[in-house]
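S.K.: Any chance you could fold what I've pasted below:
(4 chains)
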There are 2 protein chains.
Amino acid sequence: MIGSTLAGMPPTADRPPAQPTDGDDNVFTRLPATAWAVLGILSFGEELTGYEVRRWADHILRFFYWSPAMSQIYSELKRLERVGYAASRTVTGEDTRTKRVYAITDAGRGALSRWVEDAPVEPPVLKHGAALRVWLGHLATPERLREIVAQHRDNAQRLHEEAEYSRRSAADVPGWVYPELVARWAARYYAAERDLAEQMLADLDELR
Amino acid sequence: MIGSTLAGMPPTADRPPAQPTDGDDNVFTRLPATAWAVLGILSFGEELTGYEVRRWADHILRFFYWSPAMSQIYSELKRLERVGYAASRTVTGEDTRTKRVYAITDAGRGALSRWVEDAPVEPPVLKHGAALRVWLGHLATPERLREIVAQHRDNAQRLHEEAEYSRRSAADVPGWVYPELVARWAARYYAAERDLAEQMLADLDELR
DNA sequence: AAGCCATATTCCAATTTGGAATACCGTCGC
DNA sequence: GCGACGGTATTCCAAATTGGAATATGGCTT
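M.R.: You can find the predicted model right below:
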């Protein structure tokens, strides 16, 4: 028993529990991608309220990254301020109600740059409900299956158009080459998604 | 004040808080998609341990839905058993160690069928780290940006091949038409993803 | 003035994730 | 036959993340 507890022990016993890893990055740079996304919105230079950050995310980010939860945006902003990557001040116009606006700091810009440059390239996270349900096709009627895929195709088409619209808006703003580029990518992505759905429909029809 | 509390009240006040909605589905059918995914794996008929469920997920599901966390699989299995959609028994071969295997129940199959048939078609959830970073291209060197996208392209190519392999395996199993169909879809999806990355690279080059 | 919509923020309960920890078993080399 | 290693099997815990309700306030209509 004593032998086994000693021998079976993985080599964790001699490590400190928290493990601040390399000297390069301190604890603060270990932020979830969502934090970087929020900071990224701020990196375009404007002072924004949490509400406005959300709208930006709704306009552009949603095509390729995460649909925002209000609560999370606000908590991320607080965290970013806590680690010094963002600074906030309250704005109190006399007739407008007081609100808190956030801006990126130099430290924040530096850290964000480092993240963009250095973070490992991870495969995208995909949760494709329509595909999941076709996978379970043996439990549904062929008609319903078609409907699901057709509706997904229509969703993709709509998103394609919205991304295209977003691309055109970005094209008007000087210095927004990269947002425009990504919007173009997104437009193509959703067009592909639509075509894939169409092919899936054809495959489903062939099954009968 | 009294007037406002009455008038400003959204129409929630007269509803019971839990809201079991329609007579059709009871509280139990309100499960997260992950639960349905796990139940879906069981719906192919075999008795599986949590560990085996995970391997199935790794083989097929990961291409279009969620990469599994062990802990979650086990807790989902427990929940599925609690609501009567799965049943478990312990297996104790004399030389093998005891383990717990789960199987889908009739109630589970019925509920899963209803979910596949009736659940609303929601747009896929996408978290595309590479796109996020290109969007922040103004903070990185063009070289590094290229590297990120190129690496993403290679990832996509690899996933394309793996999905293709998965498709071929599924083709051998009788009754796996739908898994095969979805694997084919996944293979195409990752091929498209690879091509989109290639186009993005071309766009990046044009920028200079 | 009432009602509604957009702005702005907070709170809470779940869900979901990631990963460490803990076993046990087979086998391969020695 | 024993020690190391890798695959099987499960549990636990701390965070991260989500969704949505709740709470305001200002501005615009009607």
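
S.K.: use CA for all of it now, contacts and neighbours both
M.R.: Fine.

S.K.: Please list the residues of chain A that sit near DNA strand D.
M.R.: Residues of chain A found near DNA strand D (CA under 7 Å from any atom of the strand) are A:7, A:31-35, A:66-72, A:95-97.

S.K.: And for stretch A:50-59, what's in contact with it?
M.R.: The set of residues external to stretch A:50-59 that reach it, using CA atoms under 8 Å, 6 or more residues apart in numbering or on different chains, is A:38, A:41-42, A:67-68, A:70, A:73-74, A:77, A:100-102, A:166.

S.K.: Point out the ones among those that are inside helices.
M.R.: Of the positions in the contacts of stretch A:50-59, A:38, A:41-42, A:70, A:73-74, A:77, A:166 sit in helices, assigned by DSSP state H.

S.K.: Selecting buried members of those residues in ChimeraX, what would you type?
M.R.: Written as a ChimeraX command, the selection of buried residues from these, which uses 16 or more other CA atoms under 10 Å in any protein chain shown, is:
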select /A:38,41,42,73,74,77,166
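
S.K.: Out of the ones in helices among the contacts of stretch A:50-59, which is nearest to DNA strand D?
M.R.: The nearest member of the ones in helices among the contacts of stretch A:50-59 to DNA strand D, counting by CA to the nearest atom of the strand, is A:Met70 at 5.4 Å.

S.K.: any idea which element the closest residue to the closest one other than its chain neighbours lies in?
M.R.: Distances taken as CA to CA, 6 or more residues apart in numbering or on different chains put A:Arg54 closest to A:Met70, at 6.8 Å, once the chain neighbours are dropped. Taking DSSP states H and E as the definition, one finds A:Arg54 inside helix A:50-59.

S.K.: low-confidence ranges in chain A?
M.R.: Applying pLDDT under 70 to chain A flags residues A:1-29, A:94-95.

S.K.: hey, where'd the helices end up in it?
M.R.: With DSSP H as the criterion, chain A has helices spanning A:2-7, A:33-42, A:50-59, A:70-82, A:106-118, A:129-135, A:142-172, A:177-206.

S.K.: Any chance of these in JSON lines with distance to DNA strand C as columns?
M.R.: Output for the helices of chain A, formatted as JSON lines (distance: least, CA to the nearest atom of the strand, whole Å):
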{"stretch": "helix A:2-7", "distance to DNA strand C": "6"}
{"stretch": "helix A:33-42", "distance to DNA strand C": "11"}
{"stretch": "helix A:50-59", "distance to DNA strand C": "4"}
{"stretch": "helix A:70-82", "distance to DNA strand C": "3"}
{"stretch": "helix A:106-118", "distance to DNA strand C": "17"}
{"stretch": "helix A:129-135", "distance to DNA strand C": "12"}
{"stretch": "helix A:142-172", "distance to DNA strand C": "17"}
{"stretch": "helix A:177-206", "distance to DNA strand C": "21"}
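
S.K.: now, of these, which is deepest in the fold?
M.R.: The densest packing among those, expressed as mean neighbour count by mean count of other CA atoms under 10 Å in any protein chain shown, is seen in helix A:129-135 with a mean of 25.

S.K.: Could you see whether chain B lies near that one?
M.R.: Yes. In this structure, helix A:129-135 sits against chain B according to CA under 8 Å from any CA of the partner chain; the contacting residues are A:129-135.

S.K.: now, among the ones in helices among the contacts of stretch A:50-59, which is nearest to chain B?
M.R.: Within the ones in helices among the contacts of stretch A:50-59, distances to chain B taken as CA to the nearest CA reach their minimum at A:Ile41, with 8.8 Å.

S.K.: contacting residues around the closest one?
M.R.: Contacts were defined as CA under 8 Å, 6+ apart; by that measure A:Ile41 touches A:53, A:56-57.

S.K.: Report the separation between it and A:Tyr165.
M.R.: Using CA to CA, to the nearest Å, one obtains 19 Å as the distance from A:Ile41 to A:Tyr165.

S.K.: got it, and A:Ala37?
M.R.: The separation that A:Ala37 has from A:Tyr165, given CA to CA, amounts to 21 Å.

S.K.: Enumerate the beta-bridge partners assigned to the spatially most central residue of chain A.
M.R.: In chain A, the centroid-proximal residue (CA atoms, centre = their mean) is A:Tyr65; its distance is 2.7 Å. When bridges are taken as DSSP bridges, the partners of A:Tyr65 come out as B:Lys127.

S.K.: Report the separation between it and B:Leu126.
M.R.: Plainly put, A:Tyr65 is 6 Å away from B:Leu126 if you go by CA to CA.

S.K.: from the contacts of stretch A:50-59, which is closest to A:Ala119?
M.R.: A:Val38 (16.3 Å; CA to CA).

S.K.: For the closest one, list the residues it contacts.
M.R.: Residues counted as contacts of A:Val38 (CA under 8 Å, 6+ apart) are A:53, A:73, A:76-77.

S.K.: Can you pick out the most distant pair from the residues you listed?
M.R.: Longest distance between any two of the contacts of A:Val38 is 10.9 Å, between A:Val53 and A:Glu76; criterion CA to CA.

S.K.: Now A:Pro174. Its backbone dihedrals?
M.R.: With angles defined as degrees, to the nearest 10, A:Pro174 shows backbone torsions of phi -70, psi 140.

S.K.: ok, for A:Ile73, nearest residue in space, not its chain neighbours?
M.R.: Per CA to CA, 6+ apart, closest to A:Ile73 is A:Gly50, 6.4 Å.

S.K.: likewise A:Asn155?
M.R.: Once flanking residues are discounted, A:Asn155 sits nearest to B:Pro123: 6.8 Å by CA to CA, 6+ apart.

S.K.: Quick one: the contacts of stretch A:50-59 as JSON lines, columns for distance to B:Val83 too.
M.R.: Supplementary listing: the contacts of stretch A:50-59 in JSON lines, determined by distance: CA to CA, whole Å:
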{"residue": "A:Val38", "distance to B:Val83": "39"}
{"residue": "A:Ile41", "distance to B:Val83": "43"}
{"residue": "A:Leu42", "distance to B:Val83": "45"}
{"residue": "A:Ser67", "distance to B:Val83": "31"}
{"residue": "A:Pro68", "distance to B:Val83": "31"}
{"residue": "A:Met70", "distance to B:Val83": "32"}
{"residue": "A:Ile73", "distance to B:Val83": "35"}
{"residue": "A:Tyr74", "distance to B:Val83": "36"}
{"residue": "A:Leu77", "distance to B:Val83": "39"}
{"residue": "A:Arg100", "distance to B:Val83": "46"}
{"residue": "A:Val101", "distance to B:Val83": "47"}
{"residue": "A:Tyr102", "distance to B:Val83": "46"}
{"residue": "A:Ser166", "distance to B:Val83": "45"}
